[in-house]
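Undergrad: any chance you can model this:
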Amino acid sequence: MALPISFDYGYLAPDVDFDEVTSYQDNVDLAHKKVTQGGGLGSDYLGWVDPGKIVSPEEVQKIKDLAKQIQDNSDVLVSIGIGGSYLGARAVIEAVAMPGQGPEVIFAGKSLSVHEHYGMLQRLHGKRFSIDAISKSGTTSEPAIAFRLFRDALERSVGKEEARKRIVATTDASKGALRKLATDEGYATLNIADDIGGRYSVLSPVGLLPIAVAGVDIDALLAGARDVAAACANPDVTKNPAYYYAAARNFLYMKGYTIEIFATFEPRLHYVAEWWKQLFGESEGKSHISFFPASVELTTDLHSMGQWIQQGRRTITETFVIVDGGEPNLLIPAADNNLDELDYLVGTSMAEVNKAAYHATALAHRDGGVPNSTVHMTTRDAYSMGALLYFFERACGVSGYLMGINPFNQPGVEAYKTNMFALLGKPKFEKETEAVNARLAALPKNTVVEF
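TA: Predicted coordinates:
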């Protein structure tokens, strides 16, 4: 059976050609071995590699049962999490879920914006809602604050006893503040495995519950991932699109390209791009090396960022993600006159016009000195989405090892947290509070320019 994902490298040449990529096979073999057998940096976090083992059949059934319960008693699911605890689920839901298939899923705890959270709380007035609190520790500031807000709103709406039945805690199996609270209050729980990091967790209970609540077929999603994983057992770059992509982008980086742009012509893939940016940014952004991951939505951004991509600094490469079929057949109609000069397109589907825009853009950007490649999806459904997510996960793990870094840790994320805890006076951060306040006091004065 043909898989729903393929990779077209035609417009990478002459910057990176086929012979260069195939010459990298020994390095790819070693990276493949580290990803599949361990032995590399971060090998304690390889629980995502086999999608057939991320969740057991029993866990899948439990997720489906919880999703059905939420669908039956709620108009809205508030999914509370940040980073990998929400981006994967939102990517899938916005890409493939259809209105009316399930309750609305809204995402809280991903910022500290007063306006955002106040607005969500206002929208919930008069609506039945449930909560999925996603946090391994239960003490990450953004989701922990949001959980307090929405749990309080739920308890005031339906009472504490009923609220307990409408809260799911997706957290560590045995430890942490959220696990203790869930045990004390009797919340339903789903486990976050110790060997799966947040940005690789979309195919675990972290992503699967909100995705299932939204009415997306999680069996098909997991099947797509499993089929790509099975195909990735062959490390030959000429037969493994994920590995070809990983090797090619490493060559581009070595040749001075430092920005990789995820480009799509489908707005419903917006959060796939956001998920991709975290996946590669957090996995590879270490030791002051690697690409800066960016994204554009086309053709919209051709009228804003298009000029820069076409003629700006030549440090960028572009990765298109294109949906080849399965879209509604929306035809361009005739008009009483031809003032807009579109009569030549009468009867043409918008999908064909969008496809022409993609081909025109890829060619123009290649002519403008931007090497680009394309990941093709046969259609935009749950199976193809599972395949796409796993394609990028596998490519990211291999690419990180090719770069010589640990693709599974994120030590730089802690710096802002320490400063924030210090500024807010969190207990046990007294020394840090003193140090940060001293640094702020020593800053140059009168540095603000005012009108």
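Undergrad: now do the strands in the stretch 301-450 of the chain.
TA: 316-323, 372-377 (DSSP state E, counting those that start in this stretch).
Undergrad: helices or strands up against the shortest one?
TA: Using 3 or more C-beta pairs under 8 Å, 6 or more residues apart in numbering; DSSP states H and E as the contact test, the elements touching strand 372-377 are strand 5-8, helix 241-254, strand 316-323, helix 350-367, helix 382-403. (Each C-beta comes from the backbone N, C-alpha and C, glycine too.)
Undergrad: could you tell me how far it lies from the centre of the chain?
TA: 17 Å (C-alpha atoms, centre = their mean, to the nearest Å).
Undergrad: now the protein, which segments are flagged as low pLDDT?
TA: Applying pLDDT under 70 to the chain flags residues 1.
Undergrad: if we use 90, what do you get?
TA: Scanning the chain for pLDDT under 90 picks out 1-2, 99-100, 411-425, 428, 432, 435-436, 440, 445-446.
Undergrad: could you chop it up by domain?
TA: 5-43+223-403, 51-217 (automatic domain parsing).
Undergrad: endpoint to endpoint, the first one covers what distance?
TA: The one in question is domain 5-43+223-403. End-to-end distance for domain 5-43+223-403: 24 Å, by C-alpha to C-alpha, to the nearest Å.
Undergrad: wait, Leu252 sits on Tyr9?
TA: No: if you go by C-beta atoms under 8 Å, Leu252 and Tyr9 don't touch, sitting 11.0 Å apart.
Undergrad: residues near the residue lying closest to Pro411 once chain neighbours are set aside, how many?
TA: In this structure, Pro411 finds its nearest non-sequential neighbour in Lys286, 7.4 Å apart by C-beta to C-beta, 6 or more residues apart in numbering. Lys286 sits with 18 neighbouring residues when counted by other C-beta atoms under 10 Å.
Undergrad: related to what we said a few turns ago, and Arg439, which of the strands of the stretch 301-450 of the chain is closest to it?
TA: For the strands of the stretch 301-450 of the chain, the distance to Arg439 is smallest for strand 316-323, at 35.8 Å, taking C-beta to C-beta.
Undergrad: where along the stretch 151-300 of the chain do the strands fall?
TA: For the stretch 151-300 of the chain, strands defined by DSSP E, counting those that start in this stretch occupy the ranges 167-172, 188-192, 259-264, 292-297.
Undergrad: most neighbours per residue, which of those strands?
TA: Scoring those by mean neighbour count under mean count of other C-beta atoms under 10 Å gives strand 167-172 as the most buried, with a mean of 26.
Undergrad: output it as CSV, nothing but the C-alphas.
TA: Extracted as CSV, the C-alpha positions of strand 167-172 are listed here (Å, rounded to 0.1, in the frame of the first residue of the first chain):
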residue,chain,number,x,y,z
ILE,A,167,-12.1,17.0,35.1
VAL,A,168,-9.4,14.7,33.6
ALA,A,169,-5.8,15.0,34.7
THR,A,170,-3.3,14.0,32.1
THR,A,171,-0.1,13.8,34.1
ASP,A,172,2.8,11.7,35.6
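Undergrad: just to revisit the earlier point, let me have the domains of the chain in JSON lines, extended by distance to Ala438.
TA: Listed next are the domains of the chain as JSON lines, based on distance: least, C-beta to C-beta, whole Å:
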{"stretch": "domain 5-43+223-403", "distance to Ala438": "28"}
{"stretch": "domain 51-217", "distance to Ala438": "23"}
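Undergrad: ok, which of the ones you listed comes nearest Asn446?
TA: domain 51-217 (28.5 Å).
Undergrad: Phe408 against Glu282, yeah?
TA: No: using C-beta under 8 Å, Phe408 is not in contact with Glu282; the gap is 9.5 Å.
Undergrad: residues near Gln310, how many?
TA: 15.
Undergrad: again, but for the one 4 residues further on
TA: Applying the criterion other C-beta under 10 Å, we find 13 residues in the vicinity of Arg314.
Undergrad: what does the one 5 residues further on give?
TA: Counted by other C-beta under 10 Å, the residues lying close to Thr319 total 24.
Undergrad: in the sheet, who's paired with it?
TA: Here Thr319 sits in beta bridges with Phe262, Ser373, going by DSSP bridges.
Undergrad: tell me who's in contact with it.
TA: Contact analysis of Thr319 by C-beta atoms under 8 Å, 6 or more residues apart in numbering lists 245, 249, 260-263, 372-375.
Undergrad: out of the residues you listed, which comes closest to Ser295?
TA: So of those, ranked by how close each gets to Ser295 (C-beta to C-beta), first place is Phe262, at 4.2 Å.
Undergrad: and Glu116, which of the three is it?
TA: helix (DSSP: H, G, I helix; E, B strand; the rest coil).
Undergrad: please name the residues that touch it.
TA: Here Glu116 is in contact with Ala108 (criterion: C-beta under 8 Å, 6+ apart).
Undergrad: my guess is His376 contacts Leu3. True?
TA: No: the pair His376 / Leu3 is not scored as a contact, 10.6 Å apart, by C-beta under 8 Å.
Undergrad: may I ask you to confirm that Gly224 is in contact with Gly386?
TA: Yes: between Gly224 and Gly386 there is a contact under C-beta under 8 Å: 3.0 Å.
Undergrad: if you count what's nearby, which of those two comes out ahead?
TA: Gly386 (31 against 26).
Undergrad: distance-wise, check the more buried one relative to Gln311.
TA: 38 Å (C-beta to C-beta, to the nearest Å).
Undergrad: for Pro210, see how far away the nearest residue in space to Ser283 that is not next to it in sequence is.
TA: Closest residue to Ser283 apart from its sequence neighbours, by C-beta to C-beta, 6+ apart: Pro407 at 4.2 Å. Per C-beta to C-beta, Pro407 is found 25 Å from Pro210.
Undergrad: so those two - more neighbours on which side?
TA: Neighbours per residue, other C-beta under 10 Å: of Pro407 and Pro210, the larger number sits with Pro210, 33 against 29.
Undergrad: so what's that one up against?
TA: 77, 79, 89, 93, 105, 132.
Undergrad: please narrow those residues to those residing in strands.
TA: Applying DSSP state E to these, the entries found in strands are 77, 79, 105, 132.
Undergrad: neighbours of the last one, how many?
TA: It refers to Asp132. If you count neighbours by other C-beta under 10 Å, Asp132 ends up with 28.
Undergrad: okay, the strands of the stretch 301-450 of the chain in a markdown table with distance to Asp184 next?
TA: Output for these, formatted as a markdown table (distance: least, C-beta to C-beta, whole Å):
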| stretch | distance to Asp184 |
| --- | --- |
| strand 316-323 | 44 |
| strand 372-377 | 45 |
